[in-house]
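Novice: Dropping the sequence and predicted coords here.
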Amino acid sequence: MMVRGAGWFLALCLALGVGSPPATGAEVEVPLQLQISVFRKVFSFDRTLPSGQARVVVLYGGQDRVRANSVAEAFQAAGVPAVAGSAAALGPEAGNVIYLLPGADHAAIRKHCVSNGFLSISGAPAMVERGEATLGLGVGGGGRTEIWVHLPRLKEEKHELDSGLLRLAHVIR
């Protein structure tokens, strides 16, 4: 079953080249504004998020507080409730999606996501490849944006994505 607006999203994915073969350099990040635009639409394909409504917590480690704040502000500017914080301050009421920056405490965050049903996302597809995040965006061949999904982690976090979206994604099993 396709979610309302799926035709528009599939057209956007094709225009962006989402679903193209993965790039060899999984460390290439998609520009933040494009990440937020694509993630907003992807949230509507998550059958677990209430009406596709995400509340994002941007988690950082080390000295990334400034970057985390700018990511949270960008989500807010796009109409997605978001806050920045460290894993130590994370509680189940904080949100339902965690945006991971490199350097965050991935083991503790994974435990929190599994226990509380948070969806973990990242702008670094290598984090998805390593199983540190469930959903990510990367740059593939020809500079095309691609969606990455770590299927075992998706199931651990108790989230379910529309099969049409999974067909377009680079899925790690």
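Specialist: Alright, I've got the coordinates. Residues are numbered from 1 along each chain as shown.
Novice: The residue sitting nearest the centre point of the chain: what's it in contact with?
Specialist: Central residue of the chain (C-alpha atoms, centre = their mean): residue 121, 2.7 Å from the mean position. For residue 121, the contacting residues are 39, 56, 97, 98, 99, 100, 133, 134, 135, 136, by C-beta atoms under 8 Å, 6 or more residues apart in numbering. Every C-beta, even on glycine, is put in place using the N, C-alpha and C of the backbone.
Novice: again, but for residue 43
Specialist: 49, 52, 53, 54, 80, 97.
Novice: sorry, back to before: what's the first helix or strand after the helix or strand containing the residue nearest to the centre of the chain?
Specialist: Element membership for residue 121 (DSSP states H and E) is strand 119-122. Once strand 119-122 ends, the next helix or strand along the chain (criterion: DSSP H and E) is helix 125-129.
Novice: what stretches of this protein score poorly on pLDDT?
Specialist: 1-27, 89, 92 (pLDDT under 70).
Novice: Can you show me the helices along it?
Specialist: Here the chain has its helices, by DSSP state H, at 6-16, 32-43, 65-77, 106-116, 125-129, 151-156, 163-168.
Novice: Just name the most buried of those.
Specialist: helix 125-129 (a mean of 24; mean count of other C-beta atoms under 10 Å).
Novice: Residue 108 versus residue 88, what's the distance?
Specialist: As judged by C-beta to C-beta, to the nearest Å, residue 88 and residue 108 stand 8 Å apart.
Novice: Scan the contacts of residue 43 and report the most crowded one.
Specialist: residue 97 (26 neighbours; other C-beta atoms under 10 Å).
Novice: what separates that one from residue 135, distance-wise?
Specialist: Taken as C-beta to C-beta, the span from residue 97 to residue 135 is 9 Å.
Novice: Name the residues contacting each of those two.
Specialist: Residues touching both residue 97 and residue 135 (C-beta under 8 Å, 6+ apart) are 119, 120, 121.
Novice: Out of those, which is nearest to residue 153?
Specialist: Taking C-beta to C-beta as the measure, residue 153 sits nearest to residue 120 out of those, at 7.1 Å.
Novice: show me the contacts for that closest one.
Specialist: Contacts of residue 120 (C-beta under 8 Å, 6+ apart): 97, 98, 100, 109, 110, 113, 132, 133, 134, 135, 153, 157.
Novice: Now tell me what touches stretch 97-107 from outside.
Specialist: Under the criterion C-beta under 8 Å, 6+ apart, residues 43, 49, 54-62, 64, 67-68, 71, 75, 82, 86-87, 90, 109, 112-113, 118-124, 127, 132-133 lie in contact with stretch 97-107.
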